[in-house]
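J.: output the structure for:
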Amino acid sequence: MHTTPGASLHPDYSLLTRQVASVLEGERDLVANASQFAALVYDTVADLNWAGFYLTCPSRDGAREDLLVGPFQGKVACARIPFGRGVCGTAAAERRTVLVMDVHAFPGHIACDSASNSEIVIPLIKDGKVLGVFDIDSPSLNRFTEEDQRGLEAMVAAFLAATDF
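T.: Here you go, the predicted structure:
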(Lines give C-alpha, C1' and ligand atoms only; values in the text may rest on other atoms or scores of the structure.)
Protein backbone atom coordinates (compact mmCIF):
# COMPACT_ATOMS: atom_id res chain seq x y z
CA MET A 1 0.00 0.00 0.00
CA HIS A 2 1.20 3.48 -0.86
CA THR A 3 0.50 6.32 1.52
CA THR A 4 2.32 9.61 1.32
CA PRO A 5 2.76 11.39 4.67
CA GLY A 6 -0.11 13.83 4.96
CA ALA A 7 -2.43 11.80 2.70
CA SER A 8 -5.90 11.30 4.14
CA LEU A 9 -8.61 8.67 4.07
CA HIS A 10 -11.06 11.59 4.23
CA PRO A 11 -9.44 14.38 2.19
CA ASP A 12 -10.85 17.87 1.83
CA TYR A 13 -12.10 17.46 -1.72
CA SER A 14 -13.09 21.11 -2.00
CA LEU A 15 -9.48 22.09 -1.29
CA LEU A 16 -8.16 19.39 -3.65
CA THR A 17 -10.43 20.60 -6.45
CA ARG A 18 -9.00 24.11 -6.02
CA GLN A 19 -5.49 22.60 -6.04
CA VAL A 20 -6.25 20.83 -9.33
CA ALA A 21 -7.22 24.15 -10.91
CA SER A 22 -4.11 25.81 -9.49
CA VAL A 23 -1.66 23.05 -10.50
CA LEU A 24 -3.06 22.86 -14.03
CA GLU A 25 -3.45 26.61 -14.54
CA GLY A 26 -1.74 27.80 -17.71
CA GLU A 27 -1.16 24.30 -19.13
CA ARG A 28 -3.68 22.53 -21.37
CA ASP A 29 -1.61 19.55 -22.58
CA LEU A 30 -3.31 16.21 -21.93
CA VAL A 31 -0.21 14.22 -20.97
CA ALA A 32 1.17 16.93 -18.68
CA ASN A 33 -2.15 17.56 -16.96
CA ALA A 34 -3.06 13.88 -16.61
CA SER A 35 0.37 13.17 -15.12
CA GLN A 36 0.03 16.02 -12.62
CA PHE A 37 -3.54 15.02 -11.74
CA ALA A 38 -2.66 11.36 -11.13
CA ALA A 39 0.29 12.37 -8.93
CA LEU A 40 -1.85 14.80 -6.93
CA VAL A 41 -4.51 12.16 -6.22
CA TYR A 42 -1.95 9.45 -5.45
CA ASP A 43 -0.14 11.71 -2.98
CA THR A 44 -3.17 13.19 -1.20
CA VAL A 45 -5.66 10.32 -0.97
CA ALA A 46 -4.52 7.57 1.41
CA ASP A 47 -4.64 3.80 1.00
CA LEU A 48 -4.20 3.60 -2.78
CA ASN A 49 -2.11 1.29 -4.94
CA TRP A 50 -3.05 2.86 -8.30
CA ALA A 51 -4.40 6.16 -9.61
CA GLY A 52 -4.45 6.98 -13.27
CA PHE A 53 -6.02 7.30 -16.66
CA TYR A 54 -7.21 5.02 -19.40
CA LEU A 55 -7.85 6.96 -22.61
CA THR A 56 -10.29 6.05 -25.38
CA CYS A 57 -8.73 4.67 -28.56
CA PRO A 58 -9.80 2.37 -31.42
CA SER A 59 -9.41 -1.35 -30.80
CA ARG A 60 -6.58 -3.05 -32.67
CA ASP A 61 -9.01 -4.29 -35.31
CA GLY A 62 -10.97 -1.02 -35.41
CA ALA A 63 -14.24 -2.80 -34.60
CA ARG A 64 -14.87 -1.10 -31.24
CA GLU A 65 -13.45 1.35 -28.74
CA ASP A 66 -10.90 0.40 -26.12
CA LEU A 67 -9.28 2.11 -23.17
CA LEU A 68 -5.50 2.42 -23.41
CA VAL A 69 -3.43 3.04 -20.29
CA GLY A 70 -2.31 6.65 -19.91
CA PRO A 71 -0.46 8.60 -17.22
CA PHE A 72 -0.67 6.93 -13.82
CA GLN A 73 0.97 6.42 -10.43
CA GLY A 74 1.32 2.97 -8.89
CA LYS A 75 1.98 -0.58 -9.93
CA VAL A 76 2.14 -1.85 -13.51
CA ALA A 77 -1.33 -1.92 -15.08
CA CYS A 78 -3.28 -3.62 -17.85
CA ALA A 79 -2.42 -1.89 -21.11
CA ARG A 80 -5.73 -2.17 -22.97
CA ILE A 81 -9.32 -2.71 -21.78
CA PRO A 82 -12.34 -3.03 -24.10
CA PHE A 83 -15.36 -0.80 -23.46
CA GLY A 84 -17.84 -2.81 -21.39
CA ARG A 85 -15.23 -5.08 -19.78
CA GLY A 86 -14.19 -4.84 -16.13
CA VAL A 87 -14.82 -1.84 -13.90
CA CYS A 88 -13.08 0.64 -16.23
CA GLY A 89 -14.78 -0.62 -19.36
CA THR A 90 -18.16 -0.61 -17.61
CA ALA A 91 -17.74 3.01 -16.48
CA ALA A 92 -16.83 4.00 -20.04
CA ALA A 93 -19.62 2.05 -21.74
CA GLU A 94 -22.30 3.10 -19.25
CA ARG A 95 -21.00 6.69 -19.00
CA ARG A 96 -21.24 6.68 -15.20
CA THR A 97 -19.02 6.46 -12.15
CA VAL A 98 -18.64 2.91 -10.89
CA LEU A 99 -17.80 2.47 -7.20
CA VAL A 100 -16.91 -1.10 -6.23
CA MET A 101 -16.46 -2.11 -2.59
CA ASP A 102 -15.06 -5.57 -3.46
CA VAL A 103 -13.66 -5.97 -6.97
CA HIS A 104 -13.57 -9.75 -6.59
CA ALA A 105 -17.40 -9.74 -6.48
CA PHE A 106 -17.69 -7.53 -9.60
CA PRO A 107 -18.77 -9.57 -12.63
CA GLY A 108 -16.02 -9.57 -15.25
CA HIS A 109 -13.44 -7.84 -13.04
CA ILE A 110 -10.02 -7.68 -14.66
CA ALA A 111 -7.30 -8.41 -12.11
CA CYS A 112 -4.48 -6.19 -13.35
CA ASP A 113 -3.10 -6.16 -9.80
CA SER A 114 -4.14 -8.98 -7.46
CA ALA A 115 -3.52 -6.65 -4.49
CA SER A 116 -6.45 -4.40 -5.48
CA ASN A 117 -9.63 -5.00 -3.51
CA SER A 118 -11.78 -1.91 -4.11
CA GLU A 119 -12.00 0.57 -6.96
CA ILE A 120 -13.68 3.71 -8.19
CA VAL A 121 -13.74 4.72 -11.86
CA ILE A 122 -14.97 8.08 -13.14
CA PRO A 123 -15.67 8.49 -16.87
CA LEU A 124 -14.10 11.45 -18.68
CA ILE A 125 -16.95 12.96 -20.66
CA LYS A 126 -16.51 16.18 -22.60
CA ASP A 127 -18.87 17.55 -25.24
CA GLY A 128 -20.88 14.33 -25.00
CA LYS A 129 -17.92 12.08 -25.87
CA VAL A 130 -16.28 9.52 -23.56
CA LEU A 131 -12.59 10.41 -23.70
CA GLY A 132 -11.49 7.82 -21.17
CA VAL A 133 -11.72 7.12 -17.45
CA PHE A 134 -9.90 8.03 -14.25
CA ASP A 135 -9.34 4.88 -12.20
CA ILE A 136 -8.33 4.51 -8.56
CA ASP A 137 -7.58 1.20 -6.81
CA SER A 138 -7.07 0.39 -3.14
CA PRO A 139 -5.73 -2.72 -1.44
CA SER A 140 -8.49 -2.31 1.19
CA LEU A 141 -12.04 -3.59 0.85
CA ASN A 142 -14.76 -0.91 1.14
CA ARG A 143 -12.19 1.88 0.75
CA PHE A 144 -14.29 4.34 -1.26
CA THR A 145 -17.48 6.10 -0.19
CA GLU A 146 -20.13 8.22 -1.86
CA GLU A 147 -18.28 11.24 -0.40
CA ASP A 148 -15.15 10.10 -2.25
CA GLN A 149 -17.23 9.69 -5.40
CA ARG A 150 -18.64 13.24 -5.22
CA GLY A 151 -15.23 14.72 -4.39
CA LEU A 152 -13.36 12.83 -7.10
CA GLU A 153 -16.02 13.69 -9.68
CA ALA A 154 -15.52 17.40 -8.83
CA MET A 155 -11.75 16.99 -9.20
CA VAL A 156 -12.18 15.24 -12.57
CA ALA A 157 -14.48 18.05 -13.71
CA ALA A 158 -11.74 20.57 -12.86
CA PHE A 159 -9.21 18.43 -14.77
CA LEU A 160 -11.48 18.28 -17.82
CA ALA A 161 -12.07 22.04 -17.75
CA ALA A 162 -8.30 22.66 -17.69
CA THR A 163 -7.28 20.13 -20.35
CA ASP A 164 -7.42 19.89 -24.14
CA PHE A 165 -8.09 16.48 -25.68
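J.: just the pLDDT for the residue in the chain sticking out farthest from the centre.
T.: Computed with Cα atoms, centre = their mean, the residue of the chain farthest from its C-alpha average is D61, at 25.6 Å. Looking at D61, its pLDDT reads 93.
J.: correct me if wrong: R28 contacts T163.
T.: Yes: between R28 and T163 there is a contact under Cβ atoms under 8 Å: 6.0 Å. Placement of C-beta: from N, CA and C, glycine included.
J.: and those two? which has more neighbours close in?
T.: T163 (21 against 12; other Cβ atoms under 10 Å).
J.: quick one: residues contacting the more buried one.
T.: 24, 28-30, 33-34 (Cβ atoms under 8 Å, 6 or more residues apart in numbering).
J.: all strands of the protein, in order?
T.: 50-58, 65-74, 80-82, 98-100, 118-126, 129-138 (DSSP state E).
J.: ranking these by burial, who's on top?
T.: strand 129-138 (a mean of 23; mean count of other Cβ atoms under 10 Å).
J.: list the helices and strands it packs on?
T.: Contacts defined by 3 or more Cβ pairs under 8 Å, 6 or more residues apart in numbering; DSSP states H and E place strand 129-138 against strand 50-58, strand 65-74, helix 86-94, strand 118-126, helix 146-162.
J.: any stretches of this structure with poor pLDDT?
T.: 1-5 (pLDDT under 70).
J.: in CSV: the strands of the chain, plus distance to C88.
T.: CSV is the format used below for the strands of the chain (distance: least, Cβ to Cβ, whole Å):
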stretch, distance to C88
strand 50-58, 5
strand 65-74, 6
strand 80-82, 5
strand 98-100, 8
strand 118-126, 5
strand 129-138, 5
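J.: thanks again, I'm all set now.
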